[in-house]
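K.L.:
Predicted model, plus sequence, below.
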Amino acid sequence: MSWNEERIELLKKLWADGLSASQIAAELGGITRNAVIGKVHRLGLSGRAKTPSAAVPRSRKQRTQTPPRQGGFVHGNVVLAPRVAPEEMPEVEPECAVEPVENVVPIGQRCTILDLTEATCRWPLGEPGRADFSYCGGRATPGLPYCSFHARIAYQPVVDRRRDRRVVGG
DNA sequence: CCCTGATTCGC
DNA sequence: GCGAATCAGG
């Protein structure tokens, strides 16, 4: 991999956005965090305003409004998906109100947070903060933040096992 | 032990 | 210029 204009621009943006060197390396692909740091220094843009992750763990108490869904949050004008750990992802039978669309994005073609729009699936993949964190990036089902595949998981009815009946949406 | 950025130095 | 190795730290 080489530092073409495009990759340098992305590097600058991601660095300015406060992403860590390893995160940037993962986004750019085929490169290590050392390479990123080295390049950052050569470009003379080391020393950021703040490093969100390592910075002061700001108390996060005030919240004027309740998020639309539990765990949901906002990036720019895009509502991101609530996170569900891979272990917690249930196997889902095709019982879903969402019309299936064949658009599942293969692993390896996942997108970064910068690629997300209202039209892309915002299903998070991997651990936030980790270098491999990314998003599905598939084609979102109209009106939903997910592709049809992840919409099935997200909106799978929750079953109250005590009485074996549904307690939440469907 | 996980991670962070900074620096050095051979290539 | 590049980046692995290393350092110093959270």
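P.N.:
Looks like it arrived, so ask away. Numbering: from 1, shown residues only, chains lettered A, B, ... in the order given.

K.L.:
For chain A, what lies in contact range of DNA strand B?
P.N.:
Selection of chain A residues close to DNA strand B by C-beta under 7 Å from any atom of the strand yields A:19-23, A:33-34, A:37-38, A:40-41, A:46-47, A:51, A:53-54, A:130-131. Placement of C-beta: from N, CA and C, glycine included.

K.L.:
Weed out the non-buried ones from those residues.
P.N.:
Buried residues within the residues of chain A next to DNA strand B, counting neighbours by 16 or more other C-beta atoms under 10 Å: A:19-23, A:37, A:40, A:131.

K.L.:
in chain A, which spans are strands?
P.N.:
For chain A, the strands defined by DSSP state E occupy A:73-75, A:78-80, A:124-125, A:134-135, A:158-160, A:165-168.

K.L.:
on that earlier part again, which pair of the buried ones among the residues of chain A next to DNA strand B spans the longest distance?
P.N.:
Farthest-apart pair in these is A:40 and A:131; separation 15.9 Å (C-beta to C-beta).

K.L.:
quick one: least confident of the buried ones among the residues of chain A next to DNA strand B?
P.N.:
Lowest pLDDT among these: residue A:131, with 71.

K.L.:
In this structure that one contacts residue A:28, no?
P.N.:
No: the pair residue A:131 / residue A:28 is not scored as a contact, 11.0 Å apart, by C-beta atoms under 8 Å.

K.L.:
for chain A, longest helix please?
P.N.:
When chain A is parsed with DSSP state H, its longest helix is helix A:5-16.

K.L.:
for it, packing partners?
P.N.:
helix A:21-28, helix A:33-42 (3 or more C-beta pairs under 8 Å, 6 or more residues apart in numbering; DSSP states H and E).

K.L.:
shaky segments in chain A?
P.N.:
A:49-110, A:112-115, A:127-129, A:132, A:156-170 (pLDDT under 70).

K.L.:
What parts of it come near DNA strand C?
P.N.:
Counting by C-beta under 7 Å from any atom of the strand, the positions of chain A adjacent to DNA strand C are A:1-3, A:31-32, A:34-35, A:37-39, A:42, A:54.

K.L.:
What is the nearest of these to residue A:141?
P.N.:
Comparing the residues of chain A next to DNA strand C against residue A:141 with C-beta to C-beta picks out residue A:31 as the nearest, at 33.8 Å.

K.L.:
How about the backbone phi and psi for the closest one?
P.N.:
Residue A:31 adopts backbone torsions of phi -150, psi 150, taken as degrees, to the nearest 10.
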